[in-house]
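> Sharing a sequence plus its predicted fold:
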Amino acid sequence: MNKRVALVCGGSKGIGWACAKALAQEGARIILLARSEGLLKHRIEELSESGSTAAFPTGDLSLIPSLPGLVDQASSIFGPIEILINNTGGPPSGSPLSFTADDWEKAFRGTFLSTEVTTRLLRCCVDLRNQLAFPSEEPSVPQLGDQEYGNRHAAGYPEHDGNLVLDRR
């Protein structure tokens, strides 16, 4: 884990924070992503005091259109993300019968869609890095702008211009 870059979503509390601390103890460089800037600053200070390298962007994982920008921002801090802890706060507590349609929609976006989209965005980048690091016998390295590569490796994101774009079908 030494010097590997880890993005820990929902990393300011609970399971996300526990994962961040464990990864930091193993020598990973930690990027915490959560909504609370104040708490994130405090967590970064805690990690730094223990000798770890850490940073954060703030963002709301339930705001799906913002995820490509958050992933780009996180990737620009220490370089390519190699470890993803895809964790979110979860749905609100209480009786499911008391939830409004808006509560259900936000819970679905925050717990399911954000995880799927974040994984898909980072998977495309990992696939490309693996292709570059371990080329096949026939030296054909796909590019993000290659339509066939985009369809095979980033289904749902077919239009690439060198940047990952969220397809809003």
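Nice, I can see it.
> Next, the contact list for the residue nearest the centre of the chain, please.
Centroid-nearest residue in the chain, with C-alpha atoms, centre = their mean: residue 118, separated by 4.7 Å. Applying C-beta atoms under 8 Å, 6 or more residues apart in numbering, we find residue 118 in contact with 9, 61, 67, 71, 84, 86. C-beta coordinates here come from the backbone N, C-alpha and C atoms, glycine included.
> Looks like the second one contacts residue 112 (just checking).
When you say that, I think you mean residue 61. No. The criterion here is C-beta atoms under 8 Å, and residue 61 misses it with residue 112 at 10.6 Å.
> More neighbours: those two, which one.
residue 61 (25 against 11; other C-beta atoms under 10 Å).
> Not counting sequence-adjacent ones, nearest residue to that one?
Nearest residue to residue 61, sequence neighbours excluded (C-beta to C-beta, 6 or more residues apart in numbering): residue 114, at 3.8 Å.
> these two touch, right, that neighbour and residue 90?
No. Using C-beta under 8 Å, residue 114 is not in contact with residue 90; the gap is 11.4 Å.
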